[in-house]
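> sequence unavailable; structure follows:
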């Protein structure tokens, strides 16, 4: 499927521990009801078979919403489950090889932590870039030095590709991320593990619910 930039507006990344109380599928359904516009299945400790099974469950839950499902770091699971695409990091292999495996119709995202990786990605067969970490985050212990909003703006200005900011972001950062030129925010703990994922997602999208940011 072709990637619409608006799909990156509120990009939910799942965390099995944070979602343990409600479960990943219920968390995702509630978040999408609140405005989440894209979902990434991320579970570093699951097997490929487990990711395939969960991705299929998520696809069934997302059916009819128009919200794309992306699988993190597991091209085999993305393909076998019928997910809309995959997301890879700088150490997860060659994007050209990933594109060849996924084919032309699935979405491929790439994480970029430095200006050099952003510039290199401009000639790669990817559909969007994840830029960050904007701020330090507990969700990834080995992340690079945070780039801040200034770094985010510089990176976003140096690519023609759609971009989503990631790293320590919450609903108070929506205007800053938009001003920096990114198409949206990727979040984990700001929605996963919250008592009411739908309400948590709504906080990012108040214009859809009659408010203002």
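All right, it came through fine. If you're wondering where the values come from, they're calculated on a predicted model, not measured in any experiment. Numbers count the residues shown, from 1 in each chain.
> scan this protein for its longest helix.
Using DSSP state H, we find that the single longest helix of the chain is helix 48-62.
> residue 198 - how many residues pack around it?
A count of neighbours around residue 198, defined by other CB atoms under 10 Å, yields 17. Where you see a C-beta, it was placed from the backbone N, CA and C, and this is true even at glycine.
> what kind of secondary structure is it in?
Assigned state for residue 198: helix (three-state reduction, DSSP: H, G, I helix; E, B strand; the rest coil).
> what are the contacting residues of the very next helix or strand once past the longest helix of the chain?
Once helix 48-62 ends, the next helix or strand along the chain (criterion: DSSP states H and E) is strand 69-72. By CB atoms under 8 Å, 6 or more residues apart in numbering, the residues outside strand 69-72 that reach it are 13, 38-43, 51, 55, 58-59, 62, 77-78, 81, 83-87, 107, 109.
> over to stretch 184-192?
7-15, 18-19, 27, 31, 36-38, 40, 42, 130, 132, 137-139, 164-166, 169-171, 173-174, 177, 197, 200-201, 204.
> can you select the buried ones from the residues you listed in PyMOL?
Only the buried entries of the contacts of stretch 184-192 go into this PyMOL selection, using 16 or more other CB atoms under 10 Å:
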select buried, resi 7+8+9+10+11+12+13+14+15+18+19+27+31+36+37+38+40+42+130+132+137+139+164+165+166+169+171+173+174+177+197+200+201+204
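> which SSE is residue 104 in?
Following DSSP H and E, one finds residue 104 outside all helices and strands.
> for it, report the pLDDT, please.
Per-residue confidence (pLDDT) for residue 104: 96.
> and it, how many residues sit next to it?
The tally of other residues near residue 104 (other CB under 10 Å) stands at 8.
> first vs last residue of stretch 176-186, how far apart are they?
Distance between the two ends of stretch 176-186: 14 Å, counting by CA to CA, to the nearest Å.
> quick check: buried residues in that stretch?
For stretch 176-186, the neighbour count (16+ other CB under 10 Å) marks 176-177, 180-186 as buried.
> among these, which are located in strands?
Among those, DSSP state E puts 184-186 in strands.
> pLDDT added to the residues you listed, as CSV?
Output for these, formatted as CSV (pLDDT from 0 to 100):
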residue, pLDDT
184, 98
185, 98
186, 98
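> Throw these into TSV and include distance to residue 120, thanks.
Listed next are these as TSV, based on distance: CB to CB, whole Å:
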residue	distance to residue 120
184	22
185	24
186	21
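> ok, for residue 69, nearest residue in space, not its chain neighbours?
residue 83 (4.8 Å; CB to CB, 6 or more residues apart in numbering).
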